[in-house]
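Novice: show me the folded form of this:
(one chain, ligands or ions: 1)
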Amino acid sequence: MRRSVEDRMNEAKAIPILEAMERLGVAGLHNLGHEKVGPCPVCGGKDRFSINPTKGVFNCRRCDRGGDVIALAEHVLACDFLRALDFLVGEAAPEIDQRALEARRKKAREAEAKREAAAAEFRARAVEDARAIWARAVPGEGTAAQAYLAGRGIRFDAWPPSLRFIADHPMIKKAPGMPRAAQVHRGPALIGAIQNPQGRITAVHQTWIDPRQPGQKADIRNPATGEALPAKLVRGSKKGGAIRLGKVVDGCTLVMGEGIETTASALVAWRQPGAVYWVGIDLGNMAGRQKGRNTGLPDLEDGEAFVPPPEVAKLIYLQDGDSDPTTTRAKLLAGLRRAMAQNPDIEAMIACAPEGKDFNDLIN
Ligand SMILES: [Zn+2]
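Specialist: Just a heads-up that it's a prediction; the model follows:
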């Protein structure tokens, strides 16, 4: 007598996912924490596919597929639920069509290569744009950029060459509701050079300012909805980069905050002897990927996050008191631990602004 679908489903669900993984020919995974991580059997990659043996589930970030042992069989074999049951617990015990499977994998690999080439081209164009913007910008001293920072209490002893100014700069972006990227604003802007670990400019950080109200950013509206848009925009590839407000020397302390205003406030108000100040652009760049949500444990496979240059002896991350403390803390810890994993001799710490305040509030 044929077993009911329900019986077969329960039998299939009882199969350990690692056993199913082996039978399905999923290979090349390595242990990472409680999971096995590696290329997706369908779309490839390096670390987008994971199996959690304890929970008996899998996930592919790119395919956007995940689930239990049966879902895994459906994913790998590109079949429906009933065929997946046939494979896992028999009845007809169908052969896998190896040729169809190989053809599907080949197609996925080709699609992946195409996507990667398109992404690389897109990145290259963004970096080119960033360098063109930087080349158009003039030194910031004596401009509305200087007045903007002064309006926020930030006055440098020596103006950092990494901060420039463009008097009439277009903001081009595709905000929600807009059919395509277009100019949403035009005006004076503070331009920060984002340098990659090798020191090359790969992106610019743009802040549009309101020249009539020193210290205020421009009021920019989404042309489609009328909603306020952030007055800041990064163009280029910021990965692992920073805006360098000073030069790192052997044995120095590196102080890093998320934004220009935060970091520069710490520089002018809280100058540490022998310290250099760099802007980390955003918490994601400063932290890199974590092993699990808000664990504070860096995923060391992520090679695109910021790490301090080898000359740095002490790393201080600035934590503003006005951001969500749990996720912020976890990100900062992940970043500091990443730095310590790379250089075990480095001293690493977090400096906090009082609750509800950021570092710029402290100097005003
Ligand atoms: Zn996949």
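Novice: kindly report the residues of the chain close to the ion.
Specialist: 40, 42-43, 60, 62-63 (C-beta under 5 Å from the ion). (C-beta placed from N, C-alpha, C; glycine too.)
Novice: and with 8 Å instead?
Specialist: 40-45, 48-49, 60-63, 65, 75, 108 (C-beta under 8 Å from the ion).
Novice: filter those to the buried ones?
Specialist: 40-45, 48-49, 60, 63, 65, 75, 108 (16 or more other C-beta atoms under 10 Å).
Novice: from those, pick the one nearest Gly296.
Specialist: Ranked by distance to Gly296 (C-beta to C-beta), these are led by Arg48 at 22.4 Å.
Novice: quick check, the closest one in contact with Arg61.
Specialist: Yes: using C-beta atoms under 8 Å, Arg48 is in contact with Arg61, at 4.3 Å.
Novice: quick check: Ala242 touching Ala193?
Specialist: No: counting by C-beta under 8 Å, Ala242 does not reach Ala193; the two are 9.7 Å apart.
Novice: the more surrounded of these two?
Specialist: Ranked by neighbour count (other C-beta atoms under 10 Å), Ala242 and Ala193 place Ala242 first, with 28 against 25.
Novice: look up which residues are beta-bridged to the nearest residue in space to the more buried one that is not next to it in sequence.
Specialist: What sits nearest to Ala242 in space, not counting adjacent residues and going by C-beta to C-beta, 6 or more residues apart in numbering, is Trp278, at 4.3 Å. Assessed by DSSP bridges, Trp278 has beta-bridge partners Arg244, Met256.
Novice: distance check, Trp278 against Ala287.
Specialist: Taking C-beta to C-beta, to the nearest Å as the measure, Trp278 falls 15 Å from Ala287.
Novice: skipping its backbone neighbours, what lies nearest Ala264 in space?
Specialist: Leaving aside its chain neighbours, Ala264 sits nearest to Ile154 (4.7 Å; criterion: C-beta to C-beta, 6+ apart).
Novice: check contacts around the one you found.
Specialist: Contacts here follow C-beta atoms under 8 Å, 6 or more residues apart in numbering; on that basis Ile154 touches 261, 264-265, 267-268, 360, 363.
Novice: pLDDT added to these, as CSV?
Specialist: Compiled in CSV, the contacts of Ile154 are given as follows (pLDDT from 0 to 100):
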residue, pLDDT
Glu261, 94
Ala264, 95
Ser265, 93
Leu267, 93
Val268, 90
Asn360, 80
Ile363, 71
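Novice: tell me the spacing between Val255 and the ion.
Specialist: 40 Å (C-beta to the ion, to the nearest Å).
Novice: tell me how many other residues crowd that residue.
Specialist: With other C-beta under 10 Å as criterion, Val255 counts 23.
Novice: got it, and Ala158?
Specialist: 7.
Novice: and Gly25, how far from Glu347?
Specialist: In terms of C-beta to C-beta, Gly25 sits 47 Å off from Glu347.
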